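predicted coordinates and the sequence they were generated for:
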Amino acid sequence: MAKHDRQPRSHRRISRRQRRMLVTTAVVIVAVAVGYFAYRAAANLPGAQMPDQGNLHIPTEDSPHEPYNSDPPTSGPHLPYIAPWGVHTRPIPQPLQVHNLEDGGVLVQYNCDCPELVEKLRAIVQRYTHYVILAPYPTMKSRIALTAWTRIDAFDEFDEKRIVRFVKAYRGIDHHNK
């Protein structure tokens, strides 16, 4: 009796073809799982996704450019410098807002004469030393709007958890073309 005939069937080597099939099956299963979890993660991001309008620099605030696809804007033509991070008491021009978003900023803006709301928003924004701005935005339709690069969330009632979740999701993510 030959030596290889004495080994039980369970110890036989897997053929090259079987090994390829197992590896292929494992790769497909992993790819499906990664795709599923990536989809779920994207589906759970706060705010509405807006089409990316690029990041063209314009020389002045009044330079002609295509209109923004959201109000407040979430991407598009912008000035070559940014507004200081933190609390502002005057509105920030749209082309300036957009550059802050491109640099990883989140803007928290309000449209009301509402000192109590502003104080609550200020308390949230002051938790962050960089990448967050609070400013009035008198022409928008909602009382509160949160913007990040290609993301917007607009609502009327103060919701601290909603605001903090948005800031944490997008703050500090740079969007310059690489």
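Yep, it's here.

wait, isn't L96 in contact with H78?
Yes - at 7.0 Å, L96 counts as touching H78 under the criterion of CB atoms under 8 Å. Quick note: C-beta positions are derived from backbone N, CA and C, even for glycine.

between these two, point out the one with more neighbours.
Using other CB atoms under 10 Å as the criterion, L96 and H78 rank with H78 on top: 28 against 17.

run through the bridge partners of that one.
H57 (DSSP bridges).

my guess is L134 contacts V125. True?
Yes - contact criterion CB under 8 Å: L134 and V125 qualify, at 4.1 Å.

identify the contacts common to those two.
Common contact partners of L134 and V125 (CB atoms under 8 Å, 6 or more residues apart in numbering): 86-87, 108.

okay if I get those as JSON lines plus neighbour count?
Converted to JSON lines, the shared contacts of L134 and V125 look like this (neighbours: other CB atoms under 10 Å):
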{"residue": "G86", "neighbour count": "15"}
{"residue": "V87", "neighbour count": "15"}
{"residue": "V108", "neighbour count": "21"}
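
including pLDDT, could these go into TSV?
Shown next, in TSV, are those (pLDDT from 0 to 100):
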residue	pLDDT
G86	98
V87	98
V108	98
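
and these, which is closest to W149?
V108 (14.9 Å; CB to CB).

could you look up the SS state of the closest one?
Here V108 is recorded as strand under DSSP: H, G, I helix; E, B strand; the rest coil.

distance check, it against H65.
24 Å (CB to CB, to the nearest Å).

and this structure, what are its domain boundaries?
3-43, 50-170 (automatic domain parsing).

break down this structure into its strands, ranges please.
Taking DSSP state E as the test, the strands found in the chain are 48-49, 86-87, 106-110, 132-136, 144-148, 151-155.

so for P72, which of those sits nearest?
strand 144-148 (5.1 Å).

and the closest one, average pLDDT?
If you average the pLDDT over strand 144-148, you get 98.

and that strand, how far out from the chain's middle?
Chain-centre distance of strand 144-148: 11 Å, with CA atoms, centre = their mean, to the nearest Å.

give me the angle between it and strand 151-155.
170 degrees (axes from the mean of the first three to the mean of the last three CA atoms, to 10 degrees).

list the buried ones in strand 144-148?
If you call a residue buried by 16 or more other CB atoms under 10 Å, then strand 144-148 has these buried ones: 144-148.

where's the closest residue to G76 other than its chain neighbours relative to I144, distance?
Take G76 and drop its neighbours on the chain: the residue closest to it by CB to CB, 6 or more residues apart in numbering is Q53, 3.6 Å away. Look at Q53 and I144: by CB to CB, they are 23 Å apart.

D103 too?
According to CB to CB, D103 stands 22 Å off from I144.
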